[in-house]
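# make a model of this:
(2 chains)
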There are 2 protein chains.
Amino acid sequence: MSLDTLSVTRSFGGTVHVVRHDSLATGTPMTFSVFVPPQAESGATCPVVWYLSGLTCTHANVTEKGEYRRACAELGLIFVAPDTSPRGDEVPDDPAYDFGQGAGFYVDATQAPYDAHYRMERYIVEELPEIVASAFPIDRDRQAITGHSMGGHGALTLALRHPGRYRSVSAFAPIVAPSQVPWGEKALGAYLGPDRAAWRRHDAVALIEDGARVPEILVDQGGADTFLERELRPDLLEAACREAGIPLTLRLQQGYDHSYYFISTFMEDHLRWHAARLTA
Amino acid sequence: MSLDTLSVTRSFGGTVHVVRHDSLATGTPMTFSVFVPPQAESGATCPVVWYLSGLTCTHANVTEKGEYRRACAELGLIFVAPDTSPRGDEVPDDPAYDFGQGAGFYVDATQAPYDAHYRMERYIVEELPEIVASAFPIDRDRQAITGHSMGGHGALTLALRHPGRYRSVSAFAPIVAPSQVPWGEKALGAYLGPDRAAWRRHDAVALIEDGARVPEILVDQGGADTFLERELRPDLLEAACREAGIPLTLRLQQGYDHSYYFISTFMEDHLRWHAARLTA
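Sure thing, here's the model as predicted:
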């Protein structure tokens, strides 16, 4: 397991590392960024926040535009931003922005030709934590997960599927019910096949309906987000959480869209929310 | 004078506008961004901070990566980010990153073929304030200017050349003595011709030596900036300010480079520094 450090840059008293490594899960090189806050420089372990990005993104979007470093430096949080899919000439792709490379949906594909490389759940849940822990002082007893859009789907489903692993989960404008919306139907159908029972294991609303639980959820959703009604459907998450008794803080932020101008505005709130739960 | 609004996006309780207009100064379309803080939404005028970007940048770099909105929203500052040069097929260019389009150096060129379009001083000092004031509630009695690298050069020289216009001036890793460094010699030679007396009117250190004054200056400079010794030379500004009795706060930030990871770290400090002087 060798790590190729692409850059190390000082920021907000901490350090941004961009790292590439050969992934066993995906069979491709994968690139991620890690922000290490000043609190870790003495060698102390720090809690870690995993941030899963949305369609079309790489690690770079949130790394450059997410405005998370000031709060992470204050709160002593390590922040990791992985890529959204395997990439490369040998990786099946699609001309559409919402499927294929840049759109891994945080599942392990079971269908050819995607099953050879699209193994993003294994990558995020099993391999990447080992890789990161080998080089950075993360406290694996104090992990949080969040994400945006497709990455909000990833955060919610991975937290629901791996109870106890993440102490807290939040999301920005998440896809909450991929089985019921066009982005999700396209991706889950191709990666997991036509049997919708398999989709339910990767659909936050269905997972909750089927008995999965997390202690609580924080979601921010822009009111001017053009994907709100067709793809995101926070109303479905609200109904499922109400039925299941999961405390959901769902904040509709009037006037905000789906972009990093929205995410960066509420990033600090999410990080403080996670920090309170990670250090409790 | 017609403004073409390319986008209006909610962020940190205020609004990011990206605007294109036909410039009389440059004879080309020009694009800039404006952040309007929540304090302005009642119709009240707000102080304005002009941010001049560095080589290769457009308005977009700082708009996306500068992390200025949270502080501007708190402090009630309007933040304007112009482009760094005229652009277009008819605008003379150069294959190098440090000259031509993306590298206007905030001067009005006097030499053909550049003099037809490269009129960035007139654009920033005369035309853009009128354009911005026509659409946004800036208080023209309370203006500050800052910038990065080539834009730090722009901020310092425009403040020195137009006394009283800007109440405060700061810079991130500025080119302080373009007459004495390769980036500046190349650009000023091509835009202003071989007579170095003309260069002195667009060189912060030379302007100070020749008697120009500002009340005080704040500069942050990364200690790991690879351009520090060859192109930036803060030591020359320090010597000129000492000789002239201009209070200079020059902070060498150990370990920081020339990127937006550096700028974003110290942006809030600069905005608070300007706000204190704009509202005094």
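# quick check: which ranges of chain A have low pLDDT?
In the predicted model of chain A, residues A:1 satisfy pLDDT under 70.
# give the contact list for A:Tyr68.
Going by C-beta atoms under 8 Å, 6 or more residues apart in numbering or on different chains, A:Tyr68 touches A:Phe35, A:Tyr51, A:Val62, A:Phe79, A:Met267, A:Glu268, A:Leu271. Just so you know, the C-beta spots here come from the backbone N, C-alpha and C atoms, and that holds for glycine as well.
# ignore the last one, A:Ala244
Neighbour list for A:Ala244: A:Ile208, A:Glu209, A:Arg213 [criterion: C-beta under 8 Å, 6+ apart].
# with A:Val214 instead?
The contact partners of A:Val214, by C-beta under 8 Å, 6+ apart, come to A:Ala159, A:Leu160, A:Pro163, A:Tyr166, A:Val169, A:Ile246.
# for it, which three-state class applies?
What DSSP: H, G, I helix; E, B strand; the rest coil gives for A:Val214 is coil.
# what's the answer for A:Glu185, then?
helix.
# quick check: it touching A:Tyr191?
No. In this structure, A:Glu185 is not within contact of A:Tyr191 by C-beta atoms under 8 Å, at 11.3 Å.
# who has more neighbours, these two?
The neighbour comparison of A:Glu185 against A:Tyr191 (other C-beta atoms under 10 Å in any protein chain shown) goes to A:Tyr191, with 24 against 14.
# ok, that one to B:Val132 distance?
49 Å (C-beta to C-beta, to the nearest Å).
# cool, A:Phe32 as well?
In terms of C-beta to C-beta, A:Phe32 sits 40 Å off from B:Val132.
# bridged to the most centrally placed residue in chain A, which residues?
For chain A, the residue nearest the mean C-alpha position is A:Leu52 (2.2 Å; C-alpha atoms, centre = their mean). Beta-bridge partners for A:Leu52, by DSSP bridges, are A:Gly147.
# what's near enough to touch it?
A:82, A:84, A:106, A:124, A:145-148, A:150-152, A:154-155, A:158.
# cool, A:Arg140 as well?
Counting by C-beta under 8 Å, 6+ apart, A:Arg140 has contacts A:Val48, A:Pro129, A:Ala133.
# could you rerun that using 7 Å?
By C-beta atoms under 7 Å, 6 or more residues apart in numbering or on different chains, the contact set of A:Arg140 is A:Pro129, A:Ala133.
# doesn't it belong to a strand?
Yes. A:Arg140 sits within a strand when classified using three-state DSSP.
# neighbours of A:Gln253, how many?
Using other C-beta under 10 Å, A:Gln253 has 19 neighbouring residues.
# need the contact list for the closest residue to it other than its chain neighbours.
Leaving out its chain neighbours, the residue that sits closest to A:Gln253 by C-beta to C-beta, 6 or more residues apart in numbering or on different chains is A:Gly222, at 5.3 Å. For A:Gly222, the contacting residues are A:Ala173, A:Gln253, A:Tyr256, A:Asp257, A:His258, A:Phe262, by C-beta under 7 Å, 6+ apart.
# alright, that wraps it up for me.
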